[in-house]
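> I need the structure of the sequence given here:
(chains A and B)
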Amino acid sequence: MEFWNAYTETLPREKLNKIELKYFQDLVTYGKTHSNLYKEKLKGLEVGDIKTFDDIKKVPFTYKEELRKWQENVEPFPYGGLLGVPMEEVCTFRQTSGTTGKPVYVPESYESWQWRIESWCHILFMAGFRPRHRLFLPFGYNVYVAFWEAHYAAEKLGCEVIPGGALDTKGRVNKIIEMKVNAMAGTPTYILNIAQEAMGMGIDPKSFGIERILGAGEPLPEATRKKIEEIYNCRMYDHIGSTETCGFAGMCEAQQGLHVIEPLFLVEFLDRETLSKEVEEGEQGVLVVTPLGRHSFPVIRFNTNDVAIKGASTCDCGRTSQKMLEIVGRVDDITKIRGVLFSPKTVEQLVRSEFPEIVEYELVVTREGIMDKMLVRIEVDPKLGREEAEAVASRLSERHKIKTNLSCTTKIESPGTLPRYDLKAKRFKDMRGAH
Amino acid sequence: MDEIRKEIVNIEKSVERLKSLAKDNNAIKKNAEIILTFIYILKFITPAIEE
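Purely as a prediction, here's the structure:
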């Protein structure tokens, strides 16, 4: 088995903990002297108070809302109190997507950006990307961090990178064929859209010769991952990260969950109720992430709000890093409908694994009086007749009830009615607060 | 790993010297600074473990 860094990727747990504790102490010291946010936030805490791995929990969480607050009308523009290096050292601007509110602006110094790229080299290498790959990135990358990291890390690994911005989906299909692309990275939704577009052009995506794809920007349920593998006849891998934290875990070729990139990151899996205890293997925990070597934007114990199932520190690939078996979703995505806990991911799993006829879907929850109503809007394969489409809709309603314990109405929409996304699909619309 | 760490420190010293020799040459100075960026990363990914 090949490793990107055979030394760090095979260290025993106790050694990784020692290194991460030392790096954490260094980061706290750095934050307290270089970041206005942490000068204020960690006022009452001395680095000497953090003597053991358990002491890390003495450091308060950092929340996204706090990052926003420390940037609003705070000098130096636009990074405010989050900036961890002199302004002259900032070489690149990034921002968060703003999905949950005002975007956070992220400064990258050359050093911090290269540190970030190093962590992404782990993600790509683990997923089997090598210099033989001609990697197509079908996205117009811009102010968001999305795909910039993949681009730079793939270059560093020695892949040949083809930027795929400023093309429509048809243009991208043509570029894949023209350039004999053999690897891609993209949101699962858009990777499926490309396949759908190709099929509409009479081209079987299997004929592309794509060997592997890395999913980005969206959750990748196992059923969706397998569906894409089948459609393209390739291997598909996943990773997790955010603008604030960098990409902090990736899937190896064994495809049995995601490895935390240690010791670049300290990732805690904390119990959802109290956020005070590390959960056991097999249990769900909220991910609290500290990128341990980034100085331009120091972030300490960032509460990602992502929930994942904690895995083992062993793997068929030989890596010893902490694994997460499955990303369950975001805390905010899990909601109660008619008193039942509901995760939109359950429906995605259902649609992708059992309904190949469904091309696109959307979930809409509304409230009528005191009753929550769930509507599933679907677009089916245009080749299906009316009766067949209605049979699909009826079967989906039945399976939805079984899988989620919630009944729903399923509505068939005309082809092209539902929105298509190339980044962060929003297929779940909770309209209960809307008037 | 000890040998590797020593070599990284040797390179760092050498590049720091290069930087000081070229303090009036922007191109050489900047390229030396960029090498130091990667020295930081090399140190970060080859941590010594305190027993």
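
> Spatially nearest residue to residue A:336, not counting backbone neighbours?
Spatially, and ignoring its direct neighbours in sequence, residue A:336 is nearest to residue A:342 (6.9 Å; C-beta to C-beta, 6 or more residues apart in numbering or on different chains). Placement of C-beta: from N, CA and C, glycine included.

> whoops, I mixed them up, residue A:31
Among residues not flanking residue A:31 along the chain, residue A:38 sits closest, at 3.3 Å (C-beta to C-beta, 6+ apart).

> Then residue A:224?
Closest to residue A:224 by C-beta to C-beta, 6+ apart is residue A:352, at 4.4 Å.

> buried sites along the helix or strand harbouring that neighbour?
Following DSSP states H and E, one finds residue A:352 within helix A:344-354. For helix A:344-354, a neighbour-count test (16 or more other C-beta atoms under 10 Å in any protein chain shown) marks A:344, A:345, A:346, A:347, A:348, A:349, A:350, A:351, A:352 as buried.

> will you turn those residues into JSON lines that also has pLDDT?
Formatted as JSON lines, the buried residues of helix A:344-354 follow (pLDDT from 0 to 100):
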{"residue": "A:344", "pLDDT": "85"}
{"residue": "A:345", "pLDDT": "82"}
{"residue": "A:346", "pLDDT": "84"}
{"residue": "A:347", "pLDDT": "88"}
{"residue": "A:348", "pLDDT": "87"}
{"residue": "A:349", "pLDDT": "85"}
{"residue": "A:350", "pLDDT": "89"}
{"residue": "A:351", "pLDDT": "90"}
{"residue": "A:352", "pLDDT": "87"}
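
> want to throw those residues into CSV with distance to residue A:159?
What follows is the buried residues of helix A:344-354, written out as CSV (distance: C-beta to C-beta, whole Å):
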residue, distance to residue A:159
A:344, 33
A:345, 31
A:346, 35
A:347, 35
A:348, 29
A:349, 31
A:350, 35
A:351, 32
A:352, 28
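
> From the residues you listed, pick the one nearest chain B.
Set against chain B, the nearest of these by C-beta to the nearest C-beta is residue A:345 (34.0 Å).

> and the nearest residue to that closest one once chain neighbours are set aside, how many neighbours does it have?
Closest residue in space to residue A:345, ignoring its immediate chain neighbours: residue A:329 at 5.0 Å, by C-beta to C-beta, 6+ apart. Other residues lying near residue A:329 total 20 when counted by other C-beta atoms under 10 Å in any protein chain shown.

> ok, residue A:329 to chain B distance?
32 Å (C-beta to the nearest C-beta, to the nearest Å).

> Can you work out which other helices and strands pack against the helix or strand harbouring that residue?
Per DSSP H and E: residue A:329 is located in strand A:323-330. Here strand A:323-330 touches strand A:258-260, strand A:302-310, helix A:344-354, going by 3 or more C-beta pairs under 8 Å, 6 or more residues apart in numbering or on different chains; DSSP states H and E.

> which SS state does the nearest residue to residue A:10 once chain neighbours are set aside fall under?
Excluding the flanking residues, the one nearest residue A:10 by C-beta to C-beta, 6+ apart is residue A:320, at 5.5 Å. Following DSSP: H, G, I helix; E, B strand; the rest coil, residue A:320 is assigned to coil.

> residues in contact with residue A:320?
By C-beta atoms under 8 Å, 6 or more residues apart in numbering or on different chains, residue A:320 lies in contact with A:9, A:10, A:11, A:12, A:13, A:16, A:313, A:314.

> what's the answer for residue A:372, then?
For residue A:372, the contact set (C-beta under 8 Å, 6+ apart) comprises A:337, A:338, A:365, A:366, A:432.

> show me where chain B has helices.
Counting by DSSP state H, chain B has these helices, from start to end: B:2-21, B:26-44.
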